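J.: any chance you can model this:
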Amino acid sequence: MTAHPHSRTVPPARTPAAAGPALPPVPAPFRLPFHYGALHQLGVDWRADPAPVRELLAKHHPGLTAAEFDGQALVSFNYQLYYAQYAFGGGITQEIEFNVIAFPTAEAHRVPRLGYPEYAQGWDQTKLLGIARLHVVCDNLFAIDAGRALYAEPKHPGWFEVDLPSLNGPAGETWTVHCRDGAAGPDGALERHDTPLLSLTAELGGLASRPAASAPVTGYGTDPEGRLLAGPMNLSQPFRWYDLAVPEHTTRVALDVRAPAGDPLRDLAELVDGRPAAGAWTYQSPPVAAHLRPYYLPERP
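T.: Numbering: from 1, shown residues only. Here you go, the predicted model:
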């Protein structure tokens, strides 16, 4: 039978592509994305021997591989002070993270080969080089619950005493963070314990910084079922990155970990014990308003 000259062959229907995994649940009362009203952040990076870093990472995140930069692994400290506005009002949170820079083992073929300065300035456009959280201390019990439920963060109670650069304080670029242990009280409030966990000081005054366009920053977690999660965090402006690799800057950062034996912070401290920091980075939200100095009005004549 001859086909009609204006007819066409209809291609067979396509089989739908296999669906990917479902997104992790967002349990009530949490909502995503979580919006920060303001964020002030200090990060410090240390180079470390790869073998013990790989061993420690495997205990927490078996689906990740520790990244290497010129043959060295990278351990990071991340302090955050942030404000969030909710329907019922506002909340302020402080926390620290100890992380290993890592990537999903299954995506190793996509990870670019970078030196530490290139990574620190945001050259990894795949964003696979992320922070594998090994220990997080936080002073907000609601944020602890949210971090555990949403991002599988190993988050624990603690509290802070800090001295930070501020437009409302003396001039300077020195960050000082003291962290002590805490617990969730029976009344739902944070209990402050006297046990010191760590102290960190970063003296960054007089140092030149470079803008680091690292966003989104990928944070990794492993949930109780062993599933690897990746949670990106966007930032509205670049970090400021400080190169501390030159010998004259080796004393700019001081870390003192006093966590008791058995605390994960002790394991992390051993990875960087005696090593100078390779770099530091800061992020501070710009102010949105300023209440100015008052002035006297003339008396009525």
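J.: buried ones in the strand ranked longest in the chain, by neighbour count?
T.: Counting residues, the longest strand found in the chain (DSSP state E) is strand 89-104. Across strand 89-104, burial judged by 16 or more other C-beta atoms under 10 Å covers 93, 94, 95, 96, 97, 98, 99, 100, 101, 102, 103, 104. C-beta here means a position set from N, CA and C on the backbone, and glycine is covered the same way.
J.: and stretch 192-202, by the same measure?
T.: Applying 16+ other C-beta under 10 Å to stretch 192-202 flags 197, 198, 199, 200, 202 as buried.
J.: so how far is that stretch from its chain's centroid?
T.: 19 Å (C-alpha atoms, centre = their mean, to the nearest Å).
J.: where does this protein dip in pLDDT?
T.: Counting by pLDDT under 70, the chain shows low-confidence ranges at 1-19.
J.: center of it - which residue?
T.: residue 78 (5.7 Å; C-alpha atoms, centre = their mean).
J.: for the residue lying closest to it once chain neighbours are set aside, give the beta-bridge partners.
T.: In this structure, residue 78 finds its nearest non-sequential neighbour in residue 97, 4.2 Å apart by C-beta to C-beta, 6 or more residues apart in numbering. With DSSP bridges as the criterion, residue 97 is bridged to residue 78, residue 136.
J.: residue 97 against residue 77, yeah?
T.: Yes. Counting by C-beta atoms under 8 Å, residue 97 touches residue 77, with 7.5 Å between them.
J.: quick check: residue 39 touching residue 237?
T.: No. Contact between residue 39 and residue 237 fails when scored by C-beta under 8 Å: they sit 10.0 Å apart.
J.: those two: which has the busier surroundings?
T.: Using other C-beta atoms under 10 Å, the more surrounded residue of residue 39 and residue 237 is residue 39, with 17 against 13.
J.: what about that one, which SS state?
T.: strand (DSSP: H, G, I helix; E, B strand; the rest coil).
J.: hang on, the earlier thing: shared neighbours, residue 97 and residue 77?
T.: Common contacts of residue 97 and residue 77, defined by C-beta atoms under 8 Å, 6 or more residues apart in numbering, are absent altogether.
J.: other SSEs contacting the longest strand of the chain?
T.: Judged by 3 or more C-beta pairs under 8 Å, 6 or more residues apart in numbering; DSSP states H and E, strand 89-104 is in contact with helix 50-60, strand 64-66, strand 73-86, strand 130-138, helix 141-151, strand 155-163, helix 264-272.
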